[in-house]
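Trainee: I need the structure of the sequence given here:
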Amino acid sequence: MIPRPDTTMVTRFSFLEDPRVDRTKLDPLIDILVIALSATIRDAEGRTDVELLGQSKRDRFVRFLDLSNGLPSRDALLAAGVL
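Mentor: Next up is the predicted model:
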């Protein structure tokens, strides 16, 4: 059997450098990216829509994201440069 490549978002985005200042890195970049990408796929139109999706799907995201500091805020999304 041929091994399946690891195609998870965590693996795919692991090479990205975090553009934020160290003191603002409360949320892991991968948490922000996964939530923002999920919202974008669902036609989010801005930071508020991304935040609302994160809140509405929190139970799902908490299964595979860190979220130890809660959901990333709109400001965290902006600081990470995802919106």
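Trainee: which stretches of the protein have low pLDDT?
Mentor: In the predicted model of the chain, residues 1-7, 83 satisfy pLDDT under 70.
Trainee: how about a cut-off of 90?
Mentor: Under the criterion of pLDDT under 90, the regions of the chain flagged as low confidence span 1-26, 44-48, 51, 63-66, 72-83.
Trainee: Give me the helices and strands touching the top helix by length along the chain, please.
Mentor: Longest helix in the chain by number of residues (criterion: DSSP state H): helix 29-41. Here helix 29-41 touches helix 9-12, helix 47-56, helix 58-61, helix 74-79, going by 3 or more C-beta pairs under 8 Å, 6 or more residues apart in numbering; DSSP states H and E. (Each C-beta comes from the backbone N, C-alpha and C, glycine too.)
Trainee: Looking at those, spot the one closest to Ala39.
Mentor: Ala39 sits nearest to helix 47-56 of all the helices and strands packed on helix 29-41, at 4.1 Å, using C-beta to C-beta.
Trainee: which residues touch that closest one?
Mentor: 35-36, 38-40, 42, 44, 61, 71-74, 77-78, 82-83 (C-beta atoms under 8 Å, 6 or more residues apart in numbering).
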